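please find the sequence and the predicted model below.
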Amino acid sequence: MKPWLSGEYDQLFHQLHQHNARVITLAGASSHCGTSTHCNWLARRCAEDHKVLLIDLDLTGSGQGYSSKPWDSNGNAVIQLTEKLDLLPRPSEAQTILELRQMTSFQQALNRWKQDYHYILCDVGTIAHGNWRNMPINALSDATILCLAAAQTTESELLTCISKLEQNGISLLGTLINDQSNPSLAEEIIRVLNGKARWVPQRLKRKLINYLQNSPLLQGKYQ
């Protein structure tokens, strides 16, 4: 199953549609919370129905995983990922970054991109790092989605990020929670079988555990 076709991303896509949001920013509340992955998956979900531009503006993290390329605000470095999804990798030249830091320049670029794309998604990395102010896209976007990692992102980090967004008048649509660090349903069942279900015959228990360990659905894995 393709993760961007799951019910969660379908619901998120419809929320964007209801809010008439065309320029969407995904930012992380802490490192390693899957912001770039979420941004990629959401872009692919949007591209099921519309033309989409995915822009990698994570200047301190790994971003979308593509090498930076020289490009100007006209977007002369587009990589076609699918028929309806294009990617602009991180700009490699300092002059380009300086231009895009100007509110007017970025607004003009967005206006040009909107002529060719229905949705523009921007991966800006982690808010807690200095790069979140590198681009004015946070203020220019129609909606911002904050990503956090269950069992990793602290309450302090989350509240600090929300405060920064509110202070700068940035519209927060909601949060995406990465539960990768949480145990899967299969792991929880196995834990109970090994701990409290001592009455279960060992032969049956081994069969159950083997089934659980090889079930992609119960392991929470997408195929």
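Received the coordinates, thanks.

please make it C-alpha for all contacts and neighbour counts, starting now.
Noted.

now do the residue nearest the centre of the chain, the pLDDT please.
For the chain, the residue sitting closest to the mean C-alpha position, by CA atoms, centre = their mean, is residue 38 at 2.4 Å. With respect to pLDDT, residue 38 has a value of 92.

immediately after the strand or helix carrying it, which helix or strand?
For residue 38, the host element (DSSP states H and E) is helix 35-46. Next in sequence after helix 35-46, counting helices and strands by DSSP H and E, comes strand 52-56.

torsion angles phi and psi at residue 177?
The phi and psi torsions at residue 177 (degrees, to the nearest 10) take the values phi -100, psi 120.

does it touch residue 145 like I think?
No: assessed by CA atoms under 8 Å, residue 177 is found out of contact with residue 145, at 10.5 Å.

picking that back up, who's in contact with the helix holding residue 38?
3-5, 9-10, 13, 26-28, 52-54, 63-64, 85, 119, 121-123, 125-126, 147-148, 176 (CA atoms under 8 Å, 6 or more residues apart in numbering).

of the residues you listed, which belong to helices?
Secondary structure assignment by DSSP state H places 9-10, 13 of the contacts of helix 35-46 in helices.

list the buried residues for stretch 192-204?
Within stretch 192-204, the residues scored as buried using 16 or more other CA atoms under 10 Å are residue 193.

show the end-to-end separation of that stretch, please.
14 Å (CA to CA, to the nearest Å).

now the strands for the chain?
23-28, 52-56, 79-80, 85-88, 119-126, 143-149, 172-178 (DSSP state E).

mind giving me the packing neighbours of the fourth one?
In terms of contact count using 3 or more CA pairs under 8 Å, 6 or more residues apart in numbering; DSSP states H and E, strand 85-88 is assigned the packing partners strand 52-56, strand 79-80.

would a markdown table of those with mean neighbour count and mean pLDDT be doable?
Formatted as a markdown table, these follow (neighbours: other CA atoms under 10 Å; pLDDT from 0 to 100):
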| stretch | mean neighbour count | mean pLDDT |
| --- | --- | --- |
| strand 52-56 | 26 | 95 |
| strand 79-80 | 13 | 92 |
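
so which of those strands is nearest residue 203?
Closest of these to residue 203 is strand 52-56, at 51.1 Å (criterion: CA to CA).

what is the closest one packed up against?
Under the contact criterion of 3+ CA pairs under 8 Å, 6+ apart, strand 52-56 touches helix 35-46, strand 85-88, strand 119-126.

how far does the first one sit from the chain's center?
Spelled out, that is helix 35-46. Here helix 35-46 is found 5 Å from its chain centre; the criterion is CA atoms, centre = their mean, to the nearest Å.

rewinding a little: can I get the helices and strands packed on strand 85-88 in a markdown table with distance to residue 206?
Shown next, in a markdown table, are the helices and strands packed on strand 85-88 (distance: least, CA to CA, whole Å):
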| stretch | distance to residue 206 |
| --- | --- |
| strand 52-56 | 46 |
| strand 79-80 | 47 |
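
closest one to residue 99 among those?
With CA to CA as the criterion, residue 99 lies closest to strand 52-56 of the helices and strands packed on strand 85-88, at 15.5 Å.

outside of the closest one, which residues touch it?
By CA under 8 Å, 6+ apart, the surrounding residues in contact with strand 52-56 are 40, 43, 46, 63-64, 84-90, 113, 117-124.

kindly recompute the last result at 6 Å.
If you take CA atoms under 6 Å, 6 or more residues apart in numbering as the criterion, strand 52-56 is touched by 85-90, 117, 119-123.

distance-wise, check residue 158 relative to residue 109.
Distance from residue 158 to residue 109, by CA to CA: 31 Å.
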